[in-house]
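In: build me a model:
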Amino acid sequence: MSVTANSIKLIAGNSHPELALKISERLRIPLTKITASQNTNKESFVTVGESIRDEDVYIIQTGCGETSVNDFLMELLLLINACKSASARRITAVIPNFPYARQDKKDKSRAPITAKLIANLIQTAGCNHVITMDLHASQIQGFFTIPVDNLYAEPSVFQYLKQNIDLQNSILVSPDAGGAKRVASQADKLDLNFALIHKERQKANEVSRMVLVGDVTDKVCILIDDIADTCGTLAKAADTLLSNGAKEVISVVTHGVFSGAAQEKLNNSKLTKLICTNTLPVSIDYPKLDQIDISPTLAEAIRRLHNGESISYLFTHVF
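Out: The predicted structure is shown next:
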C-alpha cells in the first residue's frame with residue numbers, strides 16, 4: 001500500500017511514536033520532521049521542520065498517560081494550529097483513543113460535558129477532519145461540525161478470536177449494561193450466546209457489587225469492553241463469572257489505559273488472558289497480555305480519505 005509521498009504529510013506527536021512509525025511504514029511515507037517539547041516552565045512548544053503549504057496533513061496523536069494526557073492534548077492543538085498557520089490544505093487529526101471520551105454527558109449538577117469541550121478546541125485550533133477508533137459514546141461524533149470517522153477494532157478482534165480462541169465453547173459477556181448493545185451485536189455476528197453483568201458503583205472507578213444475567217456454566221467467557229482503565233471491573237467480572245461456573249475468562253478491550261493500580265489488580269485477577277489493541281502504548285508488564293496491531297486499519301483509513309474512497313469498507317474488513 002502506498003500513496004504519493006509529496007501529496008501527503010504524516011506528523012507524529014509524542015504520545016505514541018511506535019504506532020505512528022508503523023502507520024508510516026505501512027503507507028511508505030516518512031514522518032515529517034517536527035519539534036515538540038516542553039519549555040522549562042512546562043509550556044508546550046512545537047515547530048514543523050518542513051514546508052507543508054497546500055499539503056494534506058495527518059497528525060497522529062492519541063490520548064494517553066496518567067499525568068501526560070493534558071500535555072499530549074495541548075501538543076495536538078498546537079500542531080494543528082501550526083499546520084493551519086503554515087497554509088496546509090487540509091488537516092486531519094488521527095486520534096485512536098479520544099481523550100475525555102467518558103465525560104460525554106452531564107450526569108451531575110454543575111458538571112461540564114468535557115468531550116464536547118475537547119471537540120470545540122480541536123475545531124477552533126483549525127482541524128478539518130478527525131479519525132478515531134471505538135468512541136466510548138457514539139454521540140461524540142455529533143459534538144463536531146467537521147467530519148468524524150469512527151473506526152472499529154471489531155474486524156481485527158474477530159480475526160484474532162477466530163485464530164486463537166476456541167469459539168465453539170465460548171460466550172461473549174458485557175461487563176456492564178452500557179456495553180450490552182455493542183456486545184450483543186458482536187455475539188450475533190460470531191453466532192455466539194451473550195451474557196450481561198450488572199454492576200453497581202459507590203463512586204467512580206470503584207465497583208461495589210456485580211450480578212450476572214445469563215448462563216456461563218462450563219463456558220469460555222470472553223469479556224468485551226472498550227476501555228480498561230484501573231481494571232477493577234475486569235477483575236471483579238472474572239471473579240463473578242468463575243463463581244457462576246465459567247471455565248475460564250478472557251478479556252478483550254480496545255483501549256488499554258492501565259492507570260492507577262491496574263498492574264496490581266491484573267496480577268491478582270483470575271483472568272486467563274487480556275487482549276487489547278495498540279491504540280495506546282502499554283504502560284504495564286503483564287505476561288498474560290496480547291496486543292492486536294490496528295495500524296493497518298488506521299493507515300488504510302488515511303489512504304482512503306486522501307484518495308476520496310469509502311471509509312465504511314473498513315467497518316467489516318481487516319487489513
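In: run through this structure and note the low-pLDDT ranges.
Out: 1-6, 65-67, 200-208 (pLDDT under 70).
In: ok, which stretches of it are helices?
Out: 17-27, 69-85, 114-125, 154-164, 180-190, 232-243, 262-267, 295-307 (DSSP state H).
In: ramachandran angles for the residue nearest to the spatial centre of the chain?
Out: Central residue of the chain (Cα atoms, centre = their mean): residue 97, 3.5 Å from the mean position. Main-chain torsions, residue 97, degrees, to the nearest 10: phi -120, psi 110.
In: tally of neighbours for the nearest residue to residue 235 once chain neighbours are set aside?
Out: Excluding its sequence neighbours, the residue lying closest to residue 235 (Cβ to Cβ, 6 or more residues apart in numbering) is residue 269, at 3.9 Å. Glycine gets a C-beta too; all of them are placed from N, C-alpha and C. Residue 269 has 21 neighbouring residues, counting by other Cβ atoms under 10 Å.
In: same question for residue 21.
Out: 15.
In: same deal with residue 114?
Out: 14.
In: and this structure, what are its domains?
Out: 5-152+295-315, 154-292 (automatic domain parsing).
In: one step back: how close does the residue nearest to residue 235 get to residue 251?
Out: Separation of residue 269 from residue 251 (Cβ to Cβ, to the nearest Å) stands at 9 Å.
In: any shared contact partners between these two?
Out: Common neighbours of residue 269 and residue 251, using Cβ atoms under 8 Å, 6 or more residues apart in numbering, are 234, 238.
In: which ones are touching the residue lying closest to residue 122 once chain neighbours are set aside?
Out: Distances taken as Cβ to Cβ, 6+ apart place residue 93 nearest to residue 122, at 6.1 Å, with adjacent residues excluded. Going by Cβ under 8 Å, 6+ apart, residue 93 touches 59, 61, 76, 80, 122, 127, 129-131.
In: want to try CSV for these, with neighbour count and distance to residue 291 as columns?
Out: Converted to CSV, the contacts of residue 93 look like this (neighbours: other Cβ atoms under 10 Å; distance: Cβ to Cβ, whole Å):
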residue, neighbour count, distance to residue 291
59, 25, 23
61, 27, 19
76, 30, 23
80, 27, 28
122, 24, 27
127, 26, 28
129, 17, 27
130, 22, 24
131, 22, 20
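In: how about the strands in the stretch 201-319 of the chain?
Out: 206-213, 220-228, 248-256, 273-277, 289-292 (DSSP state E, counting those that start in this stretch).
In: most neighbours per residue, which of those strands?
Out: Sort the strands of the stretch 201-319 of the chain by mean neighbour count, taking mean count of other Cβ atoms under 10 Å, and strand 248-256 sits at the top with a mean of 24.
In: chain center to stretch 9-23, what's the gap?
Out: 15 Å (Cα atoms, centre = their mean, to the nearest Å).
In: what's the answer for stretch 249-269, then?
Out: Using Cα atoms, centre = their mean, the offset of stretch 249-269 from its chain centre is 15 Å.
In: and that stretch, end to end?
Out: 10 Å (Cα to Cα, to the nearest Å).
In: cool, and stretch 11-18?
Out: End to end - Cα to Cα - stretch 11-18 spans 13 Å.
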